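Chemist: Fold the following and give me the result.
(chains A, B, C and D)
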2 protein chains.
Amino acid sequence: MASAGSSTFSDRLGGAPHSKQSLRLWLKLLSCSMIVEKRLRARLDADFETTLPRFDVLAALERRAQGLKMSELSESLMVSNGNVTGVVARLIEDALVTRTVDQEDRRSATVRLTRKGREAFSAMAAAHEGWVDEMFTDLSGSQCDELMRLLTHLRHSIEAHPV
Amino acid sequence: MASAGSSTFSDRLGGAPHSKQSLRLWLKLLSCSMIVEKRLRARLDADFETTLPRFDVLAALERRAQGLKMSELSESLMVSNGNVTGVVARLIEDALVTRTVDQEDRRSATVRLTRKGREAFSAMAAAHEGWVDEMFTDLSGSQCDELMRLLTHLRHSIEAHPV
DNA sequence: GATAGATATTTTAAGTGTCAAGTATTAGTA
DNA sequence: TACTAATACTTGACACTTAAAATATCTATC
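Modeler: Numbers count the residues shown, from 1 in each chain, chains lettered A, B, ... in the order given. Here you go, the predicted model:
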């Protein structure tokens, strides 16, 4: 009693095939994340005249007083090396970070927050947390937990199935 | 018996305050969507020598045989007008779409898939659906449903609370 | 020590994205 | 009809993004 094509059991019960369901879920996930991202970008621009990538770099640095190498930054932010070069260059212009060539290994450089950078970031971070909290307000604590659990599961699935 | 700061009931039971929980959830959501997006971009590039924005434009057009205005495209893709201009220009170079000035209103133009565009898209769409399905494989149908339900709820929350 | 290969980063070229300003056209109105 | 305002879109300036090539430096080996 094989079913046609690649469809499975659930088809015959009127459910969409898994691939269609996955696709719809992916589009929903993407749209949620795009909307939130757009909001955050707009607020960072309006309230702090800065951008999300700049904020992300500051956030990564804030967690490490001893600074981060360029390559650690790009790995932690999941972006390319060349990308970080540009963003950091603009942060240096604004005196929010410093870039020091490592004397043990002169190929590599360490990026650190300046005092001004730390102060600017702490104001932004508080506002950022507030914006997210506001947007997520209608999710109860247990709904957040459940969503977190399912997304963790999803990430495992993604990582277990590199396409 | 007021709690300190802006924390509420749930704090005292050892849970994180809602804002921290929201923030963690947001970062998880973002990372899932970034990973999937990166995978899709890489596969579109490797298998079809194209990009996600191009694919998105073709997908929007494929649903409407009569074509879409530039402004309908930009609204449907949630990007700016100027952005669509560039992507469409490159699709025209590849003869995947046409752009026709409307004779009733010569300010506006309609973009349509060519036969070549339709054929190219249908191959890409099938592959795209397969990639997503593969990455989401470990989510059961009911987990997909639950995730979809929670994300819909989240989107309502976001839209009800414009920051 | 010289030289080959590995590593850390920057540079380059092309695409994507925004906003603001500009252009062309249409619609409304005195 | 002429003038104003609104609309649809493009252009320009800048930021972000990537992959690939280039640069600088270090490491290992002969």
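Chemist: Can you show me the helices along chain A?
Modeler: Secondary structure of chain A (DSSP state H): helices located at A:18-48, A:52-62, A:70-77, A:81-93, A:115-135, A:141-160.
Chemist: Make CSV out of those and add mean pLDDT and distance to residue B:147.
Modeler: To be clear about C-beta, it is placed using only N, CA and C from the backbone, and glycine gets the same treatment. Listed next are those as CSV, based on pLDDT from 0 to 100; distance: least, CB to CB, whole Å:
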stretch, mean pLDDT, distance to residue B:147
helix A:18-48, 94, 6
helix A:52-62, 97, 25
helix A:70-77, 96, 26
helix A:81-93, 97, 30
helix A:115-135, 96, 18
helix A:141-160, 96, 5
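Chemist: List the residues that contact the closest residue to residue A:69 other than its chain neighbours.
Modeler: The shortest distance from residue A:69 to any non-neighbouring residue, by CB to CB, 6 or more residues apart in numbering or on different chains, is to residue A:108 (5.4 Å). Applying CB atoms under 8 Å, 6 or more residues apart in numbering or on different chains, we find residue A:108 in contact with A:69, A:70, A:71, A:101, A:102.
Chemist: So what does residue A:108 look like in phi/psi?
Modeler: Backbone geometry at residue A:108, expressed as degrees, to the nearest 10, gives phi -110, psi 160.
Chemist: hang on, the earlier thing: of the contacts of residue A:108 - the most surrounded one?
Modeler: With neighbours taken as other CB atoms under 10 Å in any protein chain shown, the top of the contacts of residue A:108 is residue A:70, carrying 18 neighbours.
Chemist: hang on, the earlier thing: show me which of the contacts of residue A:108 neighbour DNA strand C.
Modeler: Residues of the contacts of residue A:108 in contact with DNA strand C (CB under 7 Å from any atom of the strand): A:69, A:70, A:71.
Chemist: how about residue A:87, what does it touch?
Modeler: A:53, A:54, A:57.
Chemist: coming back round to it: now render the helices of chain A as JSON lines, adding distance to residue B:93.
Modeler: Output for those, formatted as JSON lines (distance: least, CB to CB, whole Å):
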{"stretch": "helix A:18-48", "distance to residue B:93": "27"}
{"stretch": "helix A:52-62", "distance to residue B:93": "30"}
{"stretch": "helix A:70-77", "distance to residue B:93": "32"}
{"stretch": "helix A:81-93", "distance to residue B:93": "26"}
{"stretch": "helix A:115-135", "distance to residue B:93": "39"}
{"stretch": "helix A:141-160", "distance to residue B:93": "34"}
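Chemist: Just name the most buried of those.
Modeler: The highest mean neighbour count among those, using mean count of other CB atoms under 10 Å in any protein chain shown, belongs to helix A:52-62: a mean of 20.
Chemist: thinking again about what came up before, can you tell me which two in the contacts of residue A:108 are farthest apart?
Modeler: The span of these, defined through CB to CB, is set by A:71 and A:101 at 14.0 Å.
Chemist: ok, the residue nearest the centre of chain A - contacts?
Modeler: Nearest to the mean C-alpha position of chain A, by CA atoms, centre = their mean, lies residue A:77 at 7.1 Å. Neighbour list for residue A:77: A:53, A:56, A:57, A:60, A:84 [criterion: CB under 8 Å, 6+ apart].
Chemist: one more time with 10 Å, if that's ok
Modeler: A:53, A:56, A:57, A:59, A:60, A:68, A:83, A:84, A:87, B:34 (CB atoms under 10 Å, 6 or more residues apart in numbering or on different chains).
Chemist: so how far is residue B:103 from it?
Modeler: Per CB to CB, to the nearest Å, residue A:77 is found 49 Å from residue B:103.
Chemist: for residue A:62, same thing?
Modeler: Noted for residue A:62: a distance of 58 Å to residue B:103, by CB to CB.
Chemist: what do you get for residue A:100?
Modeler: In terms of CB to CB, residue A:100 sits 63 Å off from residue B:103.
Chemist: who has more neighbours, the two?
Modeler: Remark: of residue A:100 and residue B:103, residue A:100 carries more neighbours, 11 against 6, as counted by other CB under 10 Å.
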